[in-house]
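**Q** 3D, please:
(2 chains)
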Protein chains: 2
Amino acid sequence: MTTQTSSALKAKVLITLKNGVLDPQGKAIGHSLAALDFKGVGEVRQGKFIELELNQTDPDAAYAKVEDMCKRLLANTVIEDYTIEIIT
Amino acid sequence: MTTQTSSALKAKVLITLKNGVLDPQGKAIGHSLAALDFKGVGEVRQGKFIELELNQTDPDAAYAKVEDMCKRLLANTVIEDYTIEIIT
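**A** I've put the predicted structure just below:
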C-alpha cells in the first residue's frame, strides 16, 4: 500500500435529520437516559458522522467533491442535512 | 410541556471507533463511493453523532454529566472513543 500523507486532506461529514423529521433512535436514547436516572435531558437527536481521507491538495475542490458525495450517496437530502468540514 | 430555553445548554457528542477497530460500515461506504466513480478516496470511517438538550446552566457540570452518559450508555468505551462539545 502506498500512501501520500503529505498531500492528503481529511473531510468530516455530519449528517443530521432535518428539523421536524421524527427521530425514533434519538427518542430511544432519551428514554434510556431517563431510565438511568439522568435528569434534565431535553430533546435527543442522533445523526451520522463520516470521516474520509482524500488524496487531494485543494481544500475547495475537496469540499465540492464531498458535497457531491453527500448529495449522491451519504445523505438522503429529502430528510437529512449535512455539514462538511475539510481539515488540511 | 414547559421549556426553559434561557437556561438550556446543548451538547454535541461524536462517537468514533478507536483506531485499529475494524469498521465494515465505513468500508462499505468506501466501496460504494468507488462504484460511483469517486477517485482518490482513502480510508472511510463511520461514527455516531448525538445532540442533546440539557436543562442546565453550568457548562462544566454539563460536560461532566455528558461524559458520564457516554461511559454508561452512549459509547462502548472498549472499542469507541467519544468527543464532547458543550454549546452555551
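**Q** Now look at stretch A:58-72 and say if it contacts chain B.
**A** Yes. Stretch A:58-72 is in contact with chain B by Cβ under 8 Å from any Cβ of the partner chain, via A:65, A:68-69, A:72. All C-beta atoms are positioned from the backbone trio N, CA, C, and that covers glycine.
**Q** quick one: contacts for the most centrally placed residue in chain A?
**A** Nearest to the geometric centre of chain A sits A:Leu14, at 1.7 Å (Cα atoms, centre = their mean). Residues near A:Leu14 by Cβ atoms under 8 Å, 6 or more residues apart in numbering or on different chains: A:47-49, A:82-83, A:85, B:49.
**Q** State the pair within the residues of stretch A:58-72 next to chain B that is farthest apart.
**A** The most widely separated members of the residues of stretch A:58-72 next to chain B, counting by Cβ to Cβ, are A:Lys65 and A:Arg72 (10.7 Å).
**Q** residues near A:Lys18, how many?
**A** A:Lys18 sits with 11 neighbouring residues when counted by other Cβ atoms under 10 Å in any protein chain shown.
**Q** Okay, the residue of chain A positioned farthest from its centre and B:Ile79: tell me how far apart.
**A** Relative to the C-alpha centroid of chain A, counting by Cα atoms, centre = their mean, A:Asp37 is the outermost residue, at 28.7 Å. Applying Cβ to Cβ, to the nearest Å, the value for A:Asp37 to B:Ile79 is 26 Å.
**Q** and if you look at A:Lys10?
**A** 21 Å.
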